[in-house]
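Trainee: no sequence for this one, just the structure:
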């Protein structure tokens with residue numbers, strides 16, 4: 001699943017307005033204009049190349065992993081408020097995106113935090129979208145990379161989770 005697809009589906013599911021999108025990116029430490037957000041939310045006619053690292057495309061701005069993670073961090077702050085760092089903690093969280101790591105895992109983790117969802121809520125949202133997942137499978141998806149029980153989140157789970165969010169919040 002491409003990052004712009006995730007942004008489009010998330011914006012629809014949570015009914016986020018354009019000005020709020022700009023604010024959420026700003027809370028995630030990325031300055032974008034309203035026009036740039038609109039370009040990111042435009043579906044390309046021929047699709048993005050996964051290997052390409054270009055920021056610009058004929059159809060709009062490509063949303064790379066760092067931008068999507070910053071948006072999700074901003075969404076957490078937008079929904080839950082800024083958390084004051086404890087003594088000895090860095091001011092802002094270090095990026096967790098690795099080249100090989102599935103962005104879907106990060107999306108599920110950060111949306112779970114932003115929307116204050118429990119594991120049962122996530123299972124219910126997926127169930128509403130027609131996907132059955134056990135607590136053990138969900139736990140494996142939410143684990144840290146490198147953990148022996150870590151499981152990469154497939155596009156099926158991510159796509160249906162966003163679909164279930166749309167049912168829940170727009171439904």
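Mentor: Perfect, I can see it now. Computed from a predicted model, the values in this text were never measured in an experiment.
Trainee: Any idea how far apart the tips of stretch 129-138 sit?
Mentor: Using Cα to Cα, to the nearest Å, the end-to-end distance of stretch 129-138 comes out at 15 Å.
Trainee: Stretch 112-121 too?
Mentor: With Cα to Cα as the measure, stretch 112-121 spans 9 Å from end to end.
Trainee: Now do it: distance to the chain's middle.
Mentor: Relative to the mean C-alpha coordinate of its chain, stretch 112-121 is positioned 13 Å out (Cα atoms, centre = their mean, to the nearest Å).
Trainee: where's residue 108, which helix or strand?
Mentor: helix 103-114 (DSSP states H and E).
Trainee: so how far is the helix or strand following that helix off the chain centroid?
Mentor: Going down the chain from helix 103-114, the next helix or strand is helix 119-128, by DSSP H and E. Computed by Cα atoms, centre = their mean, the chain-centroid distance of helix 119-128 equals 17 Å.
Trainee: Packing partners of helix 119-128?
Mentor: In terms of contacts (3 or more Cβ pairs under 8 Å, 6 or more residues apart in numbering; DSSP states H and E), helix 119-128 is packed against helix 135-142, helix 155-170. Backbone N, C-alpha and C define where each C-beta goes, glycine included.
Trainee: tell me which residues of the longest one are tucked away?
Mentor: Think helix 155-170. Judged by neighbour count using 16 or more other Cβ atoms under 10 Å, the buried positions of helix 155-170 are 157, 158, 159, 160, 161, 162, 163, 164, 165, 166, 168.
Trainee: how about these in a markdown table, adding pLDDT and distance to residue 122?
Mentor: Converted to a markdown table, the buried residues of helix 155-170 look like this (pLDDT from 0 to 100; distance: Cβ to Cβ, whole Å):
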| residue | pLDDT | distance to residue 122 |
| --- | --- | --- |
| 157 | 92 | 10 |
| 158 | 93 | 12 |
| 159 | 94 | 14 |
| 160 | 95 | 11 |
| 161 | 96 | 7 |
| 162 | 96 | 12 |
| 163 | 96 | 13 |
| 164 | 96 | 9 |
| 165 | 96 | 10 |
| 166 | 95 | 15 |
| 168 | 93 | 11 |
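Trainee: And the strand or helix carrying residue 21, what does it pack against?
Mentor: Element membership for residue 21, per DSSP H and E: helix 18-27. Applying 3+ Cβ pairs under 8 Å, 6+ apart, one finds that helix 18-27 contacts helix 34-40, helix 65-80.
Trainee: relative orientation of that helix and helix 103-114 in degrees?
Mentor: Interaxial angle, helix 18-27 versus helix 103-114 (axes from the mean of the first three to the mean of the last three Cα atoms, to 10 degrees): 100 degrees.
Trainee: Lovely, talk soon.
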